[in-house]
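Enquirer: I would like to see how this sequence folds:
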Amino acid sequence: MNFKNKIVRILNNSWTPVAMGLFIILIVLGIRVFRVEIKRTETGSSAYLKNPPIEAMKDTLQYVLKTQNVTWKTVQNPTRGEIWTVNVPARVPIPCLHLDIQNALQGVDAIILSAKSDPVTGCLSIDAGWEDSCFVQIVLVPIKEDWPEQGDIALIIDDFGRHWNSVIQSFLDFGELITISIIPGEKYSRKVALEAEKKGCEVILHLPMEPISADYRKDEFIVLYRMPRHKIREVIQQSLNSVPGAVGVNNHMGSRVTSDRNTITDVLEELQIRNLYFIDSRTIAESAAFDVARELDMRCGKRDVFFDFKPDPQSIRSSLSKLAKKAKMNGHAIGIGHCYDATLQVLQDEISKYQAKGYRFKKVSSVIE
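Expert: Numbers count the residues shown, from 1 in each chain. Coordinates of the predicted model:
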């Protein structure tokens, strides 16, 4: 008698039909519970893997608020995570900002857990997180009186491409508030261009041009004085290949080239063929670049202020104040700075203050004709 028959015989002799039925039911239930536990474990693991880091969620929320030119204060709450109190001017409809926040959170697999409005004050309180955990509470507070619009400020930050570090990455976090100008042919030129585009920064080519007196490196990425047109074409194309996504150009050095109408005309006509705008960095008072660009009827602009000519915080703040005054007087102004640590720190402190006063920070392409 084989083993299977022995088991059947034992069960037939020892168990009643009722006992047999109960035994089978228990086995079936046990299998179902085991499967549910496996499924729940798998689902939990998957959800855990999809949960974004808290810092990534905060970065996403900050990006949304910065692009709307609103200001906020942050306080710590032991039970609700951080509480952000956001001052929302009348020009920014709260329902639209609510929708922007919701869409941005979806991009990092987070959600709005709840949204409660106060019909008396008009405030909207949003709990953001995932699952049933709130990590950031955003309180949108409508401001009854807006500051009058003061003017548009476009900030170009030069000399990217040589380094990749926390300072460079922090500049990119400004997103649409600044324009990134990248030197071609450097170790990180391509990487910075691609990462900047992901962050929403406008990218332009910081095209090297021959100066009058400063030392410079002769390579395939620099336009030289009285360079033949076909060589200028090659330099520009190689440079653009090094900085993917560039929508415009400003000159790096270049006092000898920009002050020579013949050479700069050849450069600008090549840029115009490629539908690129040009910003004259005005490294020399005698620069003819802006005037020639206007004569060619191409989109162009010129630098109003070098705001970190002296790279110390006090001087940078003073220069930003001059830039703001020019923006208020003329409707807009273009400032050029560099990817210095001091410049980063000042901009992190000052941009929101100028926004609160009614200044708008825009891409360069938004303020030129």
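Enquirer: Show me the shaky parts of the stretch 1-150 of the chain.
Expert: Within the stretch 1-150 of the chain, the ranges that satisfy pLDDT under 70 run 1-52, 78-80, 145-148.
Enquirer: quick one, helices of it?
Expert: In the stretch 1-150 of the chain, the helices defined using DSSP state H, counting those that start in this stretch lie at 3-14, 17-50, 54-67, 94-106.
Enquirer: Look up how far residue 101 lies from residue 53.
Expert: Separation of residue 53 from residue 101 (CB to CB, to the nearest Å): 18 Å. Every residue, glycine included, has its C-beta placed from N, CA and C.
Enquirer: more crowded one of these two?
Expert: Using other CB atoms under 10 Å as the criterion, residue 53 and residue 101 rank with residue 101 on top: 24 against 9.
Enquirer: Was I right to think that one contacts residue 138?
Expert: Yes - counting by CB atoms under 8 Å, residue 101 does reach residue 138; the two are 6.8 Å apart.
Enquirer: can you list residues touching both of those two?
Expert: Shared contacts of residue 101 and residue 138, defined by CB atoms under 8 Å, 6 or more residues apart in numbering, comprise 61, 126, 128.
Enquirer: Domains of this protein: list them as residue ranges, please.
Expert: 54-142, 151-366 (automatic domain parsing).
Enquirer: Identify the residues contacting residue 124.
Expert: By CB under 8 Å, 6+ apart, the contact set of residue 124 is 94, 98, 115-118, 139-140.
Enquirer: Out of those residues, who's the most crowded?
Expert: Neighbour-wise, the contacts of residue 124 (other CB under 10 Å) top out at residue 140, 25 neighbours.
Enquirer: Surely that residue is in contact with residue 99?
Expert: No - in this structure residue 140 lies outside contact range of residue 99 using CB under 8 Å: 11.8 Å.
Enquirer: Now compare the contacts of residue 124 and name the two farthest from each other.
Expert: With CB to CB as the measure, no two of the contacts of residue 124 lie farther apart than 98 and 118, at 13.7 Å.
Enquirer: Between the contacts of residue 124, which sits nearest residue 321?
Expert: Taking CB to CB as the measure, residue 321 sits nearest to residue 140 out of the contacts of residue 124, at 29.9 Å.
Enquirer: For the closest one, which residues count as its bridge partners?
Expert: Beta-bridge pairing for residue 140 (DSSP bridges): residue 86, residue 124.
Enquirer: Compute the distance between it and residue 122, please.
Expert: Going from residue 140 to residue 122 by CB to CB gives 9 Å.
Enquirer: Tell me where the stretch 251-369 of the chain has strands.
Expert: 277-280, 300-302, 305-306, 332-338, 359-362 (DSSP state E, counting those that start in this stretch).
Enquirer: Look at residue 168 and say how many residues are nearby.
Expert: Using other CB under 10 Å, residue 168 is surrounded by 21 other residues.
Enquirer: er, residue 77 I mean
Expert: Neighbour tally, residue 77, other CB under 10 Å: 11.
Enquirer: same deal with residue 192?
Expert: Using other CB under 10 Å, residue 192 has 27 neighbouring residues.
Enquirer: Which residue is the nearest non-sequential neighbour of it?
Expert: Excluding the flanking residues, the one nearest residue 192 by CB to CB, 6 or more residues apart in numbering is residue 160, at 4.7 Å.
Enquirer: Does residue 175 touch residue 199 like I think?
Expert: Yes - Residue 175 lies in contact with residue 199 (CB under 8 Å); the separation is 5.2 Å.
Enquirer: Give me the common contacts of the two.
Expert: residue 63.
Enquirer: now the strands for the stretch 101-250 of the chain?
Expert: Under DSSP E, counting those that start in this stretch, the stretch 101-250 of the chain gives strands at 111-117, 124-130, 133-142, 151-160, 179-182, 202-209, 248-253.
Enquirer: so which of the ones you listed is the most packed in?
Expert: strand 179-182 (a mean of 30; mean count of other CB atoms under 10 Å).
Enquirer: ok, and what's touching it?
Expert: When contacts are defined by CB under 8 Å, 6+ apart, strand 179-182 is touched by residues 154-161, 171-172, 189, 192-193, 196, 201-206, 243, 246, 248, 250, 336, 363-365.
Enquirer: at 6 Å what do you get?
Expert: 156, 158, 160-161, 189, 192-193, 196, 201-204, 206, 243, 250, 363-364 (CB atoms under 6 Å, 6 or more residues apart in numbering).
Enquirer: And for stretch 292-310?
Expert: Stretch 292-310 is contacted by residues 264-265, 268, 272, 277-282, 290, 316, 319-320, 322-323, 326, 333-338, 343, 368 when judged by CB under 6 Å, 6+ apart.
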